[in-house]
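sequence below, structure please.
(one chain, ligands or ions: 2)
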Amino acid sequence: MAKKKKNAKQRASFRKSHQGRVRDADLTRDYRDGKSDKLADLNLGERVSGKGDLTRKRTVVSDADQSDKDASATHPQLRSGRVISAHGLKCKVLDDQGSIYECAIRQVLKSLSIDGRSAVVAGDLVRFRGDTNIDGMIEHVEPRRGIISRTSRGQQHVLVANVDYLLIIASVAEPSLKPVLIDRFLLTASQCNVQPVLVLNKIDLVEPVSLQQLIGVYAAMGVRVLMTSAETGVGVDYLRHLIAGKQTALAGQSGVGKSSLLNAIKPGLGLAVGRVSQDNSKGRHTTTATTLIPLDDGGAVFDTPGIRQFKLWDISAEEVAGLMPDLRPYVSGCRYGNCLHLSEDDCAVKDAVADARIDARRYDAYCHLLESDLLLDE
Ligand SMILES: Nc1nc2c(ncn2[C@@H]2O[C@H](COP(=O)(O)OP(=O)(O)OP(=O)(O)O)[C@@H](O)[C@H]2O)c(=O)[nH]1
Ligand SMILES: [Zn+2]
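Ligands and ions are numbered 1, 2, ... in the order given. Now for the predicted structure:
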């Protein structure tokens, strides 16, 4: 009873503190899904005039000057490109011919970043003004899909956009495997509608057979699991083949071997590789900014900074079970529609755990996620 009250209190405070964030996130999600053109409207006041109609009708934005009016996204002089990296209001853009431009961001787009949303992020497909020199000006950002974001000081921070795969890299030793961290990334992938691929690296340091059970749990959830060693090269060809032609975001704790794997996939890349410190086996954050690395066989990898804390963004406590494929089938069987599957009566999820239809470790992982990320860690 006392526990229930505590849960209710935690939920109330959790909701309160998340209200503002959810609104912003909704806007971003609608934008990403193409449901809202509110942000697109701000993109120089343009609106696609009809389905399948490529001619765009211009509307005038209040603070647009004459040069803004000239800056139509369909302007023949504008180039198309993908943002390789974004540092504040400066971006590097790779154009279709393989040239890199150092671009500023047009004023009307900049205003979007004031309330915490990122106006331009790595992975964005943009139209920009740029002539023969290497400086340019981003005029238009295409609607995003496959956004990977994380929470930082209560604000959504979009790491990369337009992503096909979230490559979740974990190491089986040095640093040791952290299933809770993997679960956070899986939940994020599920929420972002990005396909997760779990890579268990440093396979040379353990007996692969010791991982069979763990791999079984994830494989049963439909997650593709690969075993690799950047050291010996095991699994590297397979990984290279898998991500060829795709936009892939890298996720994983510092020191698991993200840079080493990229160097193995793309010989000659020469990314700095860190040394895992002896005392805490946590590695160092050698990689400092999100960067896009074009692959030899097409597609690209976004090398993100080592992420130790990848907090859930925009996921309410009630949603978590529905985002976990092995818990999802039971959620609708609970007595209460808003059941958190913790201490409620007639909970179909807990019943399924009791008779082993749900793996008890997965339920523990669920409780851990809920407690550490959503309720207690506000
Ligand atoms: N034994 C073994 N060591 C590896 C393997 N992959 C990477 N390492 C070592 O692990 C350490 C960390 O590797 P990095 O590639 O820098 O790790 P990272 O994930 O990029 O680290 P951050 O840049 O801090 O996020 C280095 O000393 C690598 O040599 C592997 O497959 N086997
Ligand atoms: Zn329940």
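
the residue in the stretch 151-300 of the chain that ligand 1 sits nearest to: what's it in contact with?
Relative to ligand 1, the nearest point of the stretch 151-300 of the chain is Gly257 (2.9 Å; CB to the nearest ligand atom). Placement of C-beta: from N, CA and C, glycine included. For Gly257, the contact set (CB atoms under 8 Å, 6 or more residues apart in numbering) comprises 169, 171, 201-202, 230.

and the top strand by length along the chain, what does it pack onto?
Taking DSSP state E as the criterion, the chain has its longest strand at strand 78-87. Helices and strands touching strand 78-87, by 3 or more CB pairs under 8 Å, 6 or more residues apart in numbering; DSSP states H and E, are strand 90-95, strand 100-105, strand 125-130, strand 135-141, strand 291-294.

mind listing what the longest one pairs with, with the direction of each?
Strand 135-141 pairs in its sheet with strand 100-105 (parallel), strand 125-130 (antiparallel), by DSSP bridges.

just the shortest one next, same as before
On the basis of DSSP bridges, the sheet neighbours of strand 291-294 come out as strand 300-303 (antiparallel).

any part of the partner strand near ligand 1?
No. Using CB under 6 Å from any ligand atom, strand 300-303 stays clear of ligand 1, coming no nearer than 8.0 Å.

let me have the helices and strands packed on strand 78-87 in JSON lines, extended by mean neighbour count.
As requested, the helices and strands packed on strand 78-87 are exported to JSON lines (neighbours: other CB atoms under 10 Å):
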{"stretch": "strand 90-95", "mean neighbour count": "20"}
{"stretch": "strand 100-105", "mean neighbour count": "19"}
{"stretch": "strand 125-130", "mean neighbour count": "22"}
{"stretch": "strand 135-141", "mean neighbour count": "22"}
{"stretch": "strand 291-294", "mean neighbour count": "17"}
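
now render those as CSV, adding mean pLDDT.
Formatted as CSV, these follow (pLDDT from 0 to 100):
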stretch, mean pLDDT
strand 90-95, 88
strand 100-105, 90
strand 125-130, 91
strand 135-141, 90
strand 291-294, 81
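
and those as TSV, adding distance to Arg362?
Below are the helices and strands packed on strand 78-87 laid out as TSV (distance: least, CB to CB, whole Å):
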stretch	distance to Arg362
strand 90-95	40
strand 100-105	43
strand 125-130	37
strand 135-141	38
strand 291-294	34
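
can I get those strands in a markdown table with distance to ligand 2?
Formatted as a markdown table, those follow (distance: least, CB to the ion, whole Å):
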| stretch | distance to ligand 2 |
| --- | --- |
| strand 90-95 | 45 |
| strand 100-105 | 46 |
| strand 125-130 | 41 |
| strand 135-141 | 41 |
| strand 291-294 | 42 |
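
in stretch 355-367, what counts as buried?
Within stretch 355-367, the residues that count as buried by 16 or more other CB atoms under 10 Å are 358-359, 362-363, 365-366.
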